[in-house]
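> sequence isn't available, so here's the structure alone:
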């Protein structure tokens, strides 16, 4: 069976994925599918660095602003929706562009993970945790991988078990060289000190654009501070600042620190995906860099025909 075509752009947060995705979408007359775990939520705009209407240049973006903040979202749901949009776009003669940084979401889609319903898994492990504490969860995790780092937080502990049950351990055990789609998987590589500077600058701009006000508005609208959407970096720290648990200054510093740590985890995750073609701007102008990427995409798509 002939594979569907898909161009994938990934990289750590603040590396420039969205801008490159829009450039390629304009070049190929394509749409963009967001592979981000939180841009899907309505109202989470500043803290998730969603592209503005002007920045999107009229390009259709799927899986952005399509769910209420109190709705659960998962890698399984993402895969289900993304597969639908990839099929539709291919049927209409367009090659969609997947843009994102959530490693499990991207890898699960590209490699075809068979996700089991996470809602049932979540309920099961929450009940066991409430009745017996963390010990049986830790014992179950160690059955998958005895050397894995055990999270201290209850939610992260349950989430890790969900991931292991849903196939992540397959990738931990062995890297896959095969993906289910025809087309390039492009990774944006950035020197760490440059990336960290970009992250700090982005966070500062988020504050200037009104991140605190955005969170206050959501809380005033009745959004629970315990909802999944508020687990996102930028929001959880701002909630703590608004509650008076930490100062605003400490909250901002924490967002920067947590975002840098997140970028580091993303880079580590991508090492499990050997089919990524890495590219970095280096000393090239952006135009020359983008032109080189376009040539690579063209050659890859030509090989796929």
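All right, it came through fine. Everything quoted here is computed from the prediction, not taken from an experiment.

> what is the strand or helix carrying residue 138 packed up against?
Secondary structure assignment for residue 138, by DSSP states H and E: helix 135-144. The contact analysis (3 or more C-beta pairs under 8 Å, 6 or more residues apart in numbering; DSSP states H and E) places helix 135-144 against helix 118-132, helix 154-165. C-beta: built from backbone N, CA, C; applies to glycine.

> what angle do that helix and helix 154-165 make?
30 degrees (axes from the mean of the first three to the mean of the last three C-alpha atoms, to 10 degrees).

> report the buried residues of helix 135-144.
137, 141, 144 (16 or more other C-beta atoms under 10 Å).

> nearest spatial neighbour of the first one, skipping sequence neighbours?
The shortest distance from residue 137 to any non-neighbouring residue, by C-beta to C-beta, 6 or more residues apart in numbering, is to residue 157 (5.5 Å).

> what score does that neighbour have for pLDDT?
Listed pLDDT for residue 157 reads 85.

> ok, it - how many residues close by?
By other C-beta atoms under 10 Å, the residues close to residue 157 number 17.

> ok, the one 5 residues further on next?
Using other C-beta under 10 Å, residue 162 has 21 neighbouring residues.

> cool, residue 161 as well?
For residue 161, using other C-beta under 10 Å, the count is 21.

> try the one 3 residues further on
Residue 164: 19 surrounding residues under other C-beta under 10 Å.

> you'd agree it is up against residue 137?
No. Residue 164 lies out of contact with residue 137 (C-beta atoms under 8 Å); the separation is 10.6 Å.

> before we move on, the earlier item: which of the buried residues of helix 135-144 lies closest to residue 28?
Each of the buried residues of helix 135-144 was checked against residue 28 using C-beta to C-beta; the closest is residue 144, at 40.3 Å.

> now residue 78, nearest residue through space, not along the chain?
Nearest non-adjacent residue to residue 78, counting by C-beta to C-beta, 6+ apart: residue 105, 4.7 Å away.

> revised request: answer the last question for residue 216.
residue 242 (6.2 Å).

> contacts only, for that neighbour.
212, 215-216, 219 (C-beta atoms under 8 Å, 6 or more residues apart in numbering).

> neighbour-wise, which of the residues you listed leads?
Most surrounded of the contacts of residue 242: other C-beta under 10 Å gives residue 215, at 25 neighbours.

> quickly find the element holding that one.
Using DSSP H and E, residue 215 falls within helix 211-220.

> for that helix, enumerate the helices and strands it packs against.
The contact analysis (3+ C-beta pairs under 8 Å, 6+ apart) places helix 211-220 against helix 235-242.

> any weak-confidence spans in the stretch 151-300 of the chain?
166-177 (pLDDT under 70).

> most tightly surrounded among the helices and strands packed on helix 135-144?
Greatest average neighbour count among the helices and strands packed on helix 135-144 goes to helix 154-165 (a mean of 18), per mean count of other C-beta atoms under 10 Å.

> which residues touch that one?
104, 116, 118, 121-122, 125-126, 129, 134, 137-138, 140-141, 144-145, 148, 150-151, 231.

> now do 7 Å
The list of residues contacting helix 154-165 from outside it, by C-beta atoms under 7 Å, 6 or more residues apart in numbering, reads 104, 116, 118, 121-122, 125-126, 129, 134, 137, 140-141, 144, 151.

> just send those residues back as TSV, with distance to residue 225 too.
Shown next, in TSV, are the contacts of helix 154-165 (distance: C-beta to C-beta, whole Å):
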residue	distance to residue 225
104	25
116	29
118	22
121	24
122	19
125	22
126	19
129	21
134	23
137	24
140	29
141	28
144	32
151	21
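
> fine by me, we can end here.
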